[in-house]
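Q: Sequence and predicted model, in that order:
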Amino acid sequence: MTRARSRTSAPRVSALEDHLGYWLRFVSNHVSQAFVDKLATRDVTVPEWVVLRLLHEGPQNPSWLAEQLRMTRGAVSKIVDRLGEKALVARSQGEGDRRYQQVALTPQGSALVPVLARLADDNDEEFFGHLGAADRRTLSRVLQEIVARRGLAEVPVE
């Protein structure tokens, strides 16, 4: 009798598919991996793309980049170093203060940013192009509302 009672009194365990978070992660993982694969054709990682896109607005100092990305200066420095090795960005020292640095796109980096942006646009189109404009706006609004309500600030770079 104890066994029968424990079976009937056991709480219902929801299925993975019952959770919105499951579906968000499912879609996010596939969208992200497809974008990683597209960027890899240009020898660029997602964190490098994010830095390149930020620098497309103009030269910045590493501290500003770290603040925007919510990363340490050391982590940003590693990304900038890799981009420098690929000749996509260049560092320059400030006049009068050698400790102050700015990072700017090289001509090669400037030419690459629109190509990478097109890859991002294509990736979005592949996954969300079947949605009508109103549904895309609604999805974007709902996701941004969740970000705001939860106070999420970290830029997704992974």
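A: Arrived safely. Residues are numbered from 1 along each chain as shown.

Q: okay, CA-based contacts and neighbour counts for the rest of this
A: OK.

Q: Just give the closest residue to Leu119, not the sequence neighbours.
A: Lys38 (6.6 Å; C-alpha to C-alpha, 6 or more residues apart in numbering).

Q: What distance do you get for that neighbour to Val115?
A: Using C-alpha to C-alpha, to the nearest Å, Lys38 is found at 11 Å from Val115.

Q: Give me the more crowded residue out of these two.
A: Of the pair Lys38 and Val115, Lys38 is the one with more neighbours under other C-alpha atoms under 10 Å, namely 18 against 13.

Q: I'd like to know how far that one sits from Val103.
A: Lys38 is 25 Å from Val103, by C-alpha to C-alpha.

Q: Kindly provide the whole-number mean pLDDT of whichever strand or helix holds the residue nearest to Leu119.
A: Assessed by DSSP states H and E, Lys38 sits inside helix 20-40. Helix 20-40 carries an average pLDDT of 95.

Q: Please apply the same query to stretch 120-135.
A: Taken as a whole, stretch 120-135 has an average pLDDT of 97.

Q: what about it, start to end distance?
A: 19 Å.

Q: do the same with stretch 34-45
A: End-to-end for stretch 34-45, by C-alpha to C-alpha: 12 Å.
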